[in-house]
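Student: Quick one, what's the 3D model for this:
(chains A and B)
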There are 2 protein chains.
Amino acid sequence: MSARERIYLFDTTLRDGQQTPAIDFSVDDKITIARMLDEFGIDYVEGGYPGANPTDTAFFSRKRTASASFVAFGMTKRAGVSASNDPGLAALLEADADAICFVAKAWDYHVEVALGCTPEENLDSIRQSVEAAVGAGRESMVDCEHFFDGYKANPAYALACAKTAHEAGARWIVLCDTNGGTQPGEIRAITRAVIEAGVPGDRLGIHAHDDTGQAVANSLAAIEAGVRQVQGTLNGIGERCGNANLVTLIATLGLKSVWSERFATGISADDLVGLTRLSRTFDELLNRAPDAQAPYVGASAFATKAGIHASALIKDPRTYEHVPAESVGNTRRVMVSDQGGKSNFIDELKRRGIAVAKDDPRLDTLIALVKEREAEGYAYEGADASFELLARATLGEVPEFFAVDSFRCVVERRHNARGRLITLSEAVVKVTVDGEQRMSVAEGAGPVNALDLALRKDLGKYQGEIADLELVDYKVRILNGGTEAITRVLIESTDMTGQRWWTVGVSDNIIDASFQALMDSITFKLMKNRGAAGLMAAE
Amino acid sequence: MSARERIYLFDTTLRDGQQTPAIDFSVDDKITIARMLDEFGIDYVEGGYPGANPTDTAFFSRKRTASASFVAFGMTKRAGVSASNDPGLAALLEADADAICFVAKAWDYHVEVALGCTPEENLDSIRQSVEAAVGAGRESMVDCEHFFDGYKANPAYALACAKTAHEAGARWIVLCDTNGGTQPGEIRAITRAVIEAGVPGDRLGIHAHDDTGQAVANSLAAIEAGVRQVQGTLNGIGERCGNANLVTLIATLGLKSVWSERFATGISADDLVGLTRLSRTFDELLNRAPDAQAPYVGASAFATKAGIHASALIKDPRTYEHVPAESVGNTRRVMVSDQGGKSNFIDELKRRGIAVAKDDPRLDTLIALVKEREAEGYAYEGADASFELLARATLGEVPEFFAVDSFRCVVERRHNARGRLITLSEAVVKVTVDGEQRMSVAEGAGPVNALDLALRKDLGKYQGEIADLELVDYKVRILNGGTEAITRVLIESTDMTGQRWWTVGVSDNIIDASFQALMDSITFKLMKNRGAAGLMAAE
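Tutor: You can find the predicted model right below:
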């Protein structure tokens, strides 16, 4: 095992991933994502382009990783100014980063057209920029933009860029398929040519895009040819069709024997179990539905529909799964008969401390209810607490701690006394606790916030119990088009114990959907306080 | 060109694609999809498994293609019965199909465990089934299930299956990576071994799955090694992570020179222009949003976010696109964003018919405004109409057609006269048009719907102009956690002309955010009616 060669994982979610249409990270998003990557064991976390925009400059005011190398991205110095006089380079050197990744054009045509300088001046910029970074004590790397297309147009110049970076002291020279159209055979052949020209493979990286659906294959072809650093993004986000999917690459390098016997990454087999969670947490942060068909981590990646494979799969999963679902923290799903569905439910309930017999008719009622609700738009997979409440209510009993008799939300936009347009939200809630009606009113930042505040303002004898209840996330998904659309609201709650739970509401009215999820959250909290719910080991 | 070898395209959308979780085709769906594939120029359309379920049996009551070969799928005859006495085989021969594709196990372990017969009996079933199909005048083919895993476990037996099918007269012997975990290098090596063992490449096909994100690369690796038939599905639907995406394969084989110089498919360069439409029509039929990042055909496949590439892209698209967007019927998009430079803005404005000089100080104001708004959560790249309104207002003038003086939304949950809990939403809007105040009230499915209806109920002299305005999509994104979160609303509108436009609103109050987007939509519509906005060529 010790003879395995090390492959370095380089994540560019926060830099190239930011080029994805409709994705814009805030500084807080970047901090969260950098921490996830760092904790997972990625070697390099590229954070962005300090000096290019206020977000990235603020993000680089501090080092944001503990173990991973924190990388700032930027251009090589401009032609015609010295390295010490280039403001872009100065901003890069000021960033609180461990490493600097310079982007340099490696296609002579682009050097002339886009940079407007001579090929020699470009080589000079590469050399001086790398030397400046190394001189400032930073690990230095060079993304050779358009390397493969550039090589096809002018191999000597593309090679000169790579060699210049290497000779100037760059730790990594990254071969970029910027336009994403290069085929695996070309990647292999050109990478080999670079190594033959004198840049060792353990100084080379690969940066692939998915424009022909082969970013993963291109990355692996480059590794096969000798590179030892691979760049990619979480779930393959990125410009156009995206970057190489680092999640897929990590699993393939770690689990497929043709790779894992020869190579090691910083991710151990034990760490790999967190891969599905990493991928889905990232999608949650982007507030988008995870791709069910994503390799390894998708909800369907280990799902089999009734058909010729299902019964054999149950007999011996290994013969129908290329890797075990558990190895990446995913779960096997066989969507067969009622029978298969039933045992899945029983297992799921058992995990929550709810025992039920296979022939209990209430179990059939619960299964039918979940199916019916999911057809209406509920998503119990993402709302464990609402599922548990539904199961406990169907199989046993959930006490009615309180009843909401009515509520009213008012959102008003008007001119205030000083003539400014303002929008005010107010909610009034009437609840009955122990036979006594209570009425509360609150103002909030919007109607849902006002309703949340009013609802939790006075629950009579339970008020003390929910003092530590806190809503930490709120998500809205429109399930079909138009303003008459069905809305699904998911709410994440937590309390002093640190436990977190998700509840769901669905309605054509967003306030109503939010109300359902709020109610479930409070009821779950009261059940939990009594040791009557939420018994699962914290995940 | 005439020396190019022919690659045959085999579509299994209607058979293996049917294994996709949540996809179930009706007979009508199948008829529509078969026609699309047939008209597009696919060589083989596999329709399903006649005899296995009523849908497929009905679908095969008639031949459903005009040019394409119509293929029925089924098992080889069972061991222990003669070919003429096997009811499954009889159902296959009864189907009104041009060709029969038998599935046969090629991994000896599976033969014993799943079929419960001897390896020799399995070979005998392959031989007799192929001979029966050929005898009945059908083109015959054999899917060698688990071929690659089977070859790794027992090469001699896997080869014996392929050779038996070939010798019995099968037109195609298809090597299947059933579990989807085989790597491209393995595919290449094993395919070559099959050809060396005596089954010619022009009798071989490849059937790949995407479990390591390499179904396309595996298919191409097999073609490189010699196979001449490739199987896949529209948009890569299929069991688990899906099958090889036939859309991507068709484009790559037709447009990437390393393939197109050596090979020809039945799809000409002219036909390729219909590829984006084929892919999106299929998603429409499935009632799902197309994948924006899909290779070649995704809405983002030729989109560039403003940044280091955008200005060069505008100068010369060819240098930043691996193939021209038009070649597959897709369109190029350059988006404004947070990271945009001045020249991107000027170009984007020019595309919208707005001329502005580079040194016009109002341009700097606009850029600063866009950046400031995007920092607050606005996303102009997804809201072209709001961007255009902001630009026109900053650089010139947008008339105030009407002013909203105030609005009020009330959402009330209460018991109705019959004691049932109901939720009602009502909105009241006061607008001033031409100095005259008008007040409208409406009820809706939720507060936003009520507000939308009230706002468009009486715009005085403009009312007739907005009669054809229709909201077609509504999206909500919570930009940070909690019910106090900032909300971004995107609204898509259309009218009689078929043009579509997106507007955006951002606020900590979802009603307010929706209101902004609704206002922009109406204003844009009124500008458009006057020829003062929306001048871009319809995309």
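Student: Residues in contact with stretch A:132-143: which ones?
Tutor: Under the contact criterion Cβ atoms under 8 Å, 6 or more residues apart in numbering or on different chains, stretch A:132-143 has outside partners A:69, A:71, A:73, A:76-77, A:83-84, A:89, A:92-93, A:97-104, A:126, A:130, A:161-162, A:165, A:168-174, A:176, A:205, A:207. All C-beta spots, glycine's among them, are computed from the backbone N, C-alpha and C.
Student: For it, buried residues please.
Tutor: Of the residues in stretch A:132-143, those buried by neighbour count under the rule 16 or more other Cβ atoms under 10 Å in any protein chain shown are A:132, A:133, A:134, A:138, A:139, A:140, A:141, A:142, A:143.
Student: In CSV, list those along with distance to residue B:534 and pLDDT.
Tutor: Output for these, formatted as CSV (distance: Cβ to Cβ, whole Å; pLDDT from 0 to 100):
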residue, distance to residue B:534, pLDDT
A:132, 49, 97
A:133, 48, 97
A:134, 53, 97
A:138, 49, 97
A:139, 50, 98
A:140, 48, 98
A:141, 45, 98
A:142, 44, 98
A:143, 39, 98
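Student: Now, those residues that are in strands?
Tutor: Using DSSP state E, A:139, A:140, A:141, A:142, A:143 are the members of the buried residues of stretch A:132-143 that sit in strands.
Student: And the residue nearest to the fourth one when sequence neighbours are not counted, its phi and psi?
Tutor: To tie it back to what came earlier, the one meant is residue A:142. Of all residues beyond its chain neighbours, the one nearest residue A:142 is residue A:165 (3.9 Å), with distances taken as Cβ to Cβ, 6 or more residues apart in numbering or on different chains. Backbone torsions of residue A:165, given as degrees, to the nearest 10, read phi -60, psi -40.
Student: Measure how buried residue A:165 is and give me the count.
Tutor: The number of residues packed near residue A:165 is 30, by other Cβ atoms under 10 Å in any protein chain shown.
Student: Could you work out the end-to-end span of stretch A:163-176 for me?
Tutor: Taking Cα to Cα, to the nearest Å, the first and last residues of stretch A:163-176 lie 15 Å apart.
Student: Now do the nearest residue in space to residue A:146 that is not next to it in sequence, the pLDDT please.
Tutor: Computed as Cβ to Cβ, 6+ apart, the closest residue to residue A:146 that is not its neighbour in sequence is residue A:107, at 4.0 Å. pLDDT, residue A:107: 95.
Student: before we move on, what about residue A:247?
Tutor: On the pLDDT scale, residue A:247 is placed at 98.
Student: Please apply the same query to residue A:137.
Tutor: Among the per-residue scores, residue A:137 shows a pLDDT of 97.
Student: what do you get for residue A:342?
Tutor: At residue A:342, the predicted lDDT confidence score is 74.
Student: before we move on, back to that, kindly reformat the buried residues of stretch A:132-143 as a markdown table containing distance to residue B:7.
Tutor: Compiled in a markdown table, the buried residues of stretch A:132-143 are given as follows (distance: Cβ to Cβ, whole Å):
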| residue | distance to residue B:7 |
| --- | --- |
| A:132 | 51 |
| A:133 | 48 |
| A:134 | 50 |
| A:138 | 49 |
| A:139 | 46 |
| A:140 | 45 |
| A:141 | 40 |
| A:142 | 39 |
| A:143 | 35 |
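Student: any idea which of the residues you listed is the one closest to chain B?
Tutor: Closest to chain B out of those is residue A:143 (11.0 Å), distances taken as Cβ to the nearest Cβ.
Student: Tell me the residue of the stretch 201-350 of chain A that sits nearest chain B?
Tutor: Shortest the stretch 201-350 of chain A-to-chain B distance, computed as Cβ to the nearest Cβ: residue-wise this is residue A:322, at 2.4 Å.
Student: Who are the contact partners of the residue of the stretch 51-200 of chain A found nearest chain B?
Tutor: Among the residues of the stretch 51-200 of chain A, residue A:181 lies nearest to chain B; the distance is 2.4 Å by Cβ to the nearest Cβ. The contact partners of residue A:181, by Cβ under 8 Å, 6+ apart, come to A:149, A:211, A:212, B:256, B:322, B:323.
Student: Which member of the residues you listed is positioned nearest residue B:273?
Tutor: When those are compared for distance to residue B:273 (Cβ to Cβ), residue B:323 comes out closest, at 12.0 Å.
Student: Skipping its backbone neighbours, what lies nearest that closest one in space?
Tutor: Leaving aside its chain neighbours, residue B:323 sits nearest to residue B:255 (4.6 Å; criterion: Cβ to Cβ, 6+ apart).
Student: and the gap between the one you found and residue B:295?
Tutor: 11 Å (Cβ to Cβ, to the nearest Å).
Student: For residue A:351, grab the count of nearby residues.
Tutor: Residue A:351 is flanked by 12 other residues according to other Cβ under 10 Å.
Student: Just the endpoints, please. Distance across stretch A:501-512?
Tutor: From the first residue to the last, stretch A:501-512 extends over 20 Å; the measure is Cα to Cα.
Student: Averaged pLDDT, that stretch. What do you get?
Tutor: 92.
Student: centre of the chain versus that stretch, how much separation?
Tutor: Averaged C-alpha coordinates place stretch A:501-512 at 24 Å from its chain's average position (Cα atoms, centre = their mean, to the nearest Å).
Student: so, in contact with chain B or not, it?
Tutor: Yes. Part of stretch A:501-512 sits near chain B under the criterion Cβ under 8 Å from any Cβ of the partner chain, namely A:507, A:508, A:509, A:510, A:511, A:512.
Student: Now for the fifth one, which secondary structure element holds it?
Tutor: By that I understand residue A:511. The secondary structure element spanning residue A:511 is helix A:510-529 (assigned by DSSP states H and E).
Student: May I see the buried residues of that helix?
Tutor: A:510-529.
Student: now do stretch A:471-481
Tutor: Along stretch A:471-481, the positions that meet the burial threshold by neighbour count (16+ other Cβ under 10 Å) are A:471, A:473, A:474, A:475, A:476, A:477, A:478.
Student: Skip the chain neighbours and tell me the closest residue to residue A:380.
Tutor: Residue nearest to residue A:380 in three dimensions, not counting chain neighbours: residue A:387, with 4.1 Å by Cβ to Cβ, 6+ apart.
Student: does the one you found sit in a helix, a strand or a coil?
Tutor: Classification of residue A:387 into helix, strand or coil gives helix, according to DSSP: H, G, I helix; E, B strand; the rest coil.
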